[in-house]
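J.: Return atomic coordinates for the entry below.
(chains A and B)
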Amino acid sequence: MKSAKSMERFFFAEEVPCGLALARIVLPLVLLLVMVPRWFHARELFSSDGAAAPLAINYGIPDMVPVPNGTMAVAMTTLLVLTLITSSLGWCTRLSLVIATVLYVWLNLLDCLGTLTKYSVIASHGLFLLSLSNCGKIWSIDSVLKRRAAPPGTSLPRAFPAWPRRLMQIMVGLVYIGAAFTKMHTPAFFSGDQMRQWMITNVNYANPFGEYISFYPGVLVVSAYVTIVWEVLFLFTCWKGWGRILMISGGVTFHLGTTLLLGLYIFPAVCCCIYLAFIEERDIERLRGFVQRLSQRGNRLAGSLQSFARQIPMLVPAITPRQAGSIFAAVSLITVFSGIELEHQLDPFGTRRAEGAYQLVELDPIEVETKLQLSPRIRESDKFLSFDIGSQMLGDALVNHRDTFRHGDTLIAQCVLVPPHEDMYIHCDLHDADDNVIDQVGQVVERRTLRATYAFGMFGSLQPGTYFMVIRSGGQEITRRPFTLLDSR
Amino acid sequence: MKRWLAAGTIAAYLSVMFYGVAAHALNYKPNSHPTMYFIVWDMFCGWSAFSNRTHVIGQGESGRFYQLSPAPWGEFTPFGDLGRQHYDPFANHTADMALNTLRYTQHEPIQQIYVVEEAWAKKFNLPDDLWNRRYPEPKQPYSYFHLRQVLAGNGREIRRNPNWFAWQTQQAVNDNPRLWAAARQEQPAWQMPSALAARDPGTVGLPQMQTTVLSATAQ
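T.: This next block holds a predicted model:
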């Protein structure tokens, strides 16, 4: 009984939808960054007149989602762009959000190569939940018009059941739980191998910091465990107090990390928009109070911020809510037809150019012949990602790199391999400065293993001087690392 | 009434979301339907140590070769500076992209379309300064090319090969004379794709069946 009551309070307590209103304002703006560039390619990406790539084909269900013709695809994309703008402004908010949700999901399903990703799925959930909510009741054109139209002295309802916000919060928590399961299914995540390879993958935007960090496996191992603990804890501790502060700030840091390390931009932006659902009315009150205090102390920025906020409603034209609906319909029609005409004029495939349709680009036959030959087996050196010498292990990874050792130290040599490789026998040899082999160690590395680690005692019988650790595989030297051996202190 | 509707929506939404997480955690039909993509959170689920690019080449009646992707009017780069055709790991949509280029260009009749996969070790993606800090040996990138798919000029699939990574993995496994001999000894005269179909009947398409039979008979 008690839990039923607290459940009811959790989902149905009435609150001013500040967090969702903020998400409504910002999320569509982020999605505009994605959809506006795609508008220019709508015919190619989303239509039967182009090269649509429906997701359902990958699942063997080719006709699950209707593929529109070129003109219809342009109309849909134009309308989506418009409704994202009107959702953000809060003009015919619910209708705008419903249209935006349907069109966004539909268009994403039509292009699984260049549009649909997991961030667009998270954004689809976000738009769907916003369209169920009362996020347009505050900070919107709709709310300004309704206030104006209401008889003097009447107060419009500002508080509504919390459940759409709760669902959005639970959704993001479940996304992290799912992501944690993904990591648990991927052993290479915990050794840092997976992230290391993603950091040197050029399929997103540039990530020079990630490329730099990729060769510090200790950082990757520690951050792997921190990430998974945070992802599992998020759903259970994000609700109030320090838990909320820690989880949300940890989340922002994590997503900022994906920008720096992996070159992702829209994914973190979408997730941070969803985080706005965690903002409550009292947070806004606190912020207002803070700005107020700053303004009273003579801070100009705070003062202009306050006056700007007061002026926003005055920017809304003097029309009734009913007129606003009619104007919305008219603007939608005009925008869609203008979009169709503009795209026609842009002639995306160049079929109406004065010089005629494009010619195909001819390729060098020798170059093509090379590409059509049977692929050789992987070069021996390509099976190795790195070879380092040091003395400290963390998990399976060698985490410090040294080039100077003393008598009594243990030198650890480690080579990291990449899949696919066959069962291998890898030699790690100790050579002196004249390239004489002093010590030889071999190790079978079976095909699922990605690390071969060798330990060498730096005994007093070795003369101080320069030495080399040499890795050999498949009868050839792969690489070598020099080091200096000094007397013990 | 409104409260009941809201409660129903909450229950339905949460049930679907929890089902997705459970299906993913237990690996219970996580890819059984396209809608599962919307409730299974498997971001960065895979990884590879090799970068891949896709080349789509058309061969005309004259024997000349033409680039079919990117199209001559330019390419769309969805998530960085990489063209859209490079995001098709299953080569399920390459034919449509090639046919779209052919539809809107002037060209001689095209007889065959080749989809070629290019792969190279990702360590060569490192910029030169970082390479020089990490590796004493000179940077000598090398690309492997692998024929992924052959299509007729009308887009009909003539041949589909496993991707380069799968092919190399198979070669690595085959690089074991004892295992190979055992496999040859035990191999039936005909290998049907029934084992594959029994595992996941919903996702076995003709190309996969052909691949199974081909790889079995190729030995």
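
J.: what about stretch A:395-415, how long is it end to end?
T.: Using C-alpha to C-alpha, to the nearest Å, the end-to-end distance of stretch A:395-415 comes to 15 Å.

J.: quick check, that stretch touching chain B?
T.: No. Shown here: stretch A:395-415 not in contact with chain B (C-beta under 8 Å from any C-beta of the partner chain), separated by at least 9.5 Å. From N, CA and C alone the C-beta is placed, and that goes for glycine too.

J.: Would you indicate which residues of that stretch are buried?
T.: Of all the residues in stretch A:395-415, those buried under the rule 16 or more other C-beta atoms under 10 Å in any protein chain shown are A:395-399, A:402, A:405, A:407, A:409, A:411-415.

J.: what's the answer for stretch A:70-82, then?
T.: In terms of neighbour count (16+ other C-beta under 10 Å), stretch A:70-82 has its buried residues at A:70, A:72, A:73, A:74, A:75, A:76, A:77, A:78, A:79, A:80, A:81, A:82.

J.: Could you list the low-pLDDT ranges of the chain?
T.: Using chain A here. Counting by pLDDT under 70, chain A contains low-confidence ranges at A:489.

J.: oops, chain B please
T.: Applying pLDDT under 70 to chain B flags the ranges B:187-219.

J.: Against residue A:231, how distant is the one residue in it that gets nearest to chain A?
T.: Closest approach of chain B to chain A (C-beta to the nearest C-beta) occurs at residue B:41, with a separation of 2.8 Å. Here residue B:41 is placed at a distance of 10 Å from residue A:231 (C-beta to C-beta, to the nearest Å).

J.: residues shared between the contacts of the two?
T.: Here residue B:41 and residue A:231 share the contacting residues A:176, A:177, A:179, scored by C-beta atoms under 8 Å, 6 or more residues apart in numbering or on different chains.

J.: In a markdown table, list these along with secondary structure.
T.: Output for those, formatted as a markdown table (DSSP: H, G, I helix; E, B strand; the rest coil):
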| residue | secondary structure |
| --- | --- |
| A:176 | helix |
| A:177 | helix |
| A:179 | helix |
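
J.: Name the helix or strand for the residue lying closest to the residue of chain B closest to chain A once chain neighbours are set aside, please.
T.: Using C-beta to C-beta, 6 or more residues apart in numbering or on different chains and skipping the chain neighbours, the partner closest in space to residue B:41 is residue A:178 (2.8 Å). Per DSSP states H and E: residue A:178 is located in helix A:163-184.

J.: ok, and for that helix, which residues are buried?
T.: A:163-183.

J.: Which elements pack onto it?
T.: If contacts are counted by 3 or more C-beta pairs under 8 Å, 6 or more residues apart in numbering or on different chains; DSSP states H and E, helix A:163-184 sits against helix A:2-12, helix A:18-39, helix A:118-132, helix A:217-237, helix A:266-275, helix B:2-26.

J.: Name the next helix or strand downstream of it, please.
T.: Taking DSSP H and E, what comes next after helix A:163-184 is helix A:187-190.

J.: Please write out the alpha-carbon positions of that following helix in PDB.
T.: Output of helix A:187-190 as PDB, limited to C-alpha atoms (Å, rounded to 0.1, in the frame of the first residue of the first chain):
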ATOM      1  CA  PRO A 187      35.900  -8.700 -22.800                       C
ATOM      2  CA  ALA A 188      38.100  -6.400 -24.800                       C
ATOM      3  CA  PHE A 189      36.400  -3.400 -23.300                       C
ATOM      4  CA  PHE A 190      38.000  -4.200 -19.900                       C
END
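
J.: who touches the residue in the stretch 51-200 of chain A that chain B sits nearest to in this structure?
T.: Using C-beta to the nearest C-beta, the single residue of the stretch 51-200 of chain A nearest to chain B is residue A:178, 2.8 Å away. Shown in contact with residue A:178 (C-beta under 8 Å, 6+ apart): B:20, B:21, B:24, B:25, B:40, B:41, B:42.

J.: Save these as a markdown table, and put in neighbour count too.
T.: Putting the contacts of residue A:178 into a markdown table (neighbours: other C-beta atoms under 10 Å in any protein chain shown) gives the following:
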| residue | neighbour count |
| --- | --- |
| B:20 | 21 |
| B:21 | 18 |
| B:24 | 23 |
| B:25 | 17 |
| B:40 | 23 |
| B:41 | 23 |
| B:42 | 19 |
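
J.: Let me have those in TSV, extended by distance to residue B:129.
T.: Compiled in TSV, those are given as follows (distance: C-beta to C-beta, whole Å):
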residue	distance to residue B:129
B:20	44
B:21	43
B:24	40
B:25	43
B:40	40
B:41	37
B:42	35
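
J.: could you pull out the strands for chain B?
T.: Taking DSSP state E to define them, one finds strands in chain B at B:50-60, B:65-69, B:105-106, B:110-121, B:144-152, B:157-160.

J.: Hmm, residue A:474 is touching residue A:379, no?
T.: No. Between residue A:474 and residue A:379 there is no contact under C-beta atoms under 8 Å: 9.3 Å.

J.: Tell me which residues are up against stretch B:68-78.
T.: A:37-38, A:41, A:44-45, A:113-115, A:348-350, A:358-361, B:54-58, B:83-85, B:87, B:94, B:97-98, B:100-102, B:104-105, B:113.

J.: Ends of that stretch, what's the gap?
T.: Stretch B:68-78 has an end-to-end distance of 18 Å (C-alpha to C-alpha).

J.: quick one on the thing from earlier: from the buried residues of stretch A:395-415, which single one is nearest residue A:372?
T.: Set against residue A:372, the nearest of these by C-beta to C-beta is residue A:415 (33.9 Å).

J.: before we move on, the earlier item: filter the contacts of stretch B:68-78 to the buried ones?
T.: A:38, A:41, A:44-45, A:113-115, A:348-350, A:358, A:360, B:54-58, B:83-85, B:87, B:94, B:97-98, B:100-102, B:104-105, B:113.

J.: out of those residues, which are inside helices?
T.: Among these, DSSP state H puts A:38, A:44, A:45, B:94, B:97, B:98, B:100, B:101, B:102 in helices.

J.: Leaving out sequence neighbours, find the closest residue to the fourth one.
T.: Taking C-beta to C-beta, 6+ apart as the measure, residue B:94 lies nearest to residue B:115, with 4.9 Å between them; neighbours along the chain are not counted.

J.: Pairing partners for the one you found in the sheet, please.
T.: Legend: beta-bridge partners of residue B:115 under DSSP bridges are residue B:56, residue B:149.

J.: Equivalent analysis for residue A:390, please.
T.: Beta-bridge partners, per DSSP bridges, of residue A:390: residue A:412.

J.: End to end on stretch A:433-449, go ahead and measure it.
T.: End-to-end distance of stretch A:433-449 (C-alpha to C-alpha): 32 Å.

J.: Any figure for the gap between residue A:260 and residue A:146?
T.: Residue A:260 is 44 Å from residue A:146, by C-beta to C-beta.

J.: Can you tell me the SS state at the spatially closest residue to residue A:343 that is not a sequence neighbour?
T.: Spatial nearest neighbour of residue A:343, excluding adjacent residues (C-beta to C-beta, 6+ apart): residue A:74 at 4.6 Å. Under three-state DSSP, residue A:74 falls in the helix class.
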